[in-house]
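Asker: The sequence and its predicted three-dimensional model are supplied below.
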Amino acid sequence: MASRTQILCLHEGEKGRSIDPVFINALLKALKPAWVRPWEGSNIIRPVDCGGRKALIERMPQQLKSCLQAGGHTTLMVWADMDHDMANGDQLKGQFWQSAQAAGITREQFDEVVFVFAKDRLENWIQFLGTGVADESQEGPRLKHDRPVADAARSLAGLCLKGAPILNIPLSLEWSCRNWRALVERMR
């Protein structure tokens, strides 16, 4: 982990083949979390490509230990897809918890992780942010260009910062927003 990394974001996908790092960077830079100071430089946020979900689950405990050793100003975020084998975010979070327990992580340490789970892929959220509707039972259209991904992330940040209710929000986005708000409350 780079010495100034303050938000470490593990995500599915392979380097150069995933929109996740674009979305993550744009969202977090637009949110400008208050506990991240000074907000300058490119290594404040570090997205880490972890391949598939199974590899991500296996890698998370060691990355959490590294964040804990780095000190209280390093936040671990885990971005994963809830495929059709997962009923909800809590079920997927349970798989991460099993892996964490096996690695000796305590519940208190585990609760410091921010989990962000999109149903199928982030493309569903991007579709919702662009059109106001998304069907999470269907996979959103694949995106190959960064601009609509970053624009959608900034749009989400704007909605988050307003704090107003979001109509017709996809269930996975609502679940993930609750995790982010819990982190913000802990950091106050």
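Answerer: Now that the structure is in, tell me what you want to look at. Residues are numbered from 1 along each chain as shown.
Asker: Return the list of helices and strands in contact with the helix or strand of the chain with the lowest mean pLDDT.
Answerer: For the chain, the helix or strand with the lowest mean confidence is helix 171-187, at a mean of 86 (criterion: mean pLDDT, DSSP states H and E). For helix 171-187, the helices and strands in contact under the criterion 3 or more C-beta pairs under 8 Å, 6 or more residues apart in numbering; DSSP states H and E are helix 89-102, strand 114-119, helix 122-131, helix 146-162. C-beta here means a position set from N, CA and C on the backbone, and glycine is covered the same way.
Asker: cutoff 6 Å now
Answerer: Contacts of helix 171-187 with other secondary structure elements, assessed using 3 or more C-beta pairs under 6 Å, 6 or more residues apart in numbering; DSSP states H and E, are made with strand 114-119.
Asker: Tell me which strands the strand it packs on pairs with, and in which orientation.
Answerer: strand 75-82 (parallel) (DSSP bridges).
Asker: Could I get the CA-only coordinates of the partner strand as CSV?
Answerer: What follows is strand 75-82, C-alpha atoms only, in CSV (Å, rounded to 0.1, in the frame of the first residue of the first chain):
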residue,chain,number,x,y,z
THR,A,75,-10.3,2.9,5.0
LEU,A,76,-10.9,-0.4,3.3
MET,A,77,-13.7,-0.6,0.8
VAL,A,78,-14.8,-3.8,-0.9
TRP,A,79,-16.6,-3.5,-4.2
ALA,A,80,-18.2,-6.7,-5.5
ASP,A,81,-21.0,-8.0,-7.7
MET,A,82,-24.0,-9.8,-6.3
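Asker: ok and that strand relative to helix 122-131, angle-wise?
Answerer: In terms of direction (axes from the mean of the first three to the mean of the last three C-alpha atoms, to 10 degrees), strand 75-82 departs from helix 122-131 by 90 degrees.
Asker: so for strand 75-82, what's the average pLDDT?
Answerer: Mean pLDDT, strand 75-82: 93.
Asker: Understood, closing this out.
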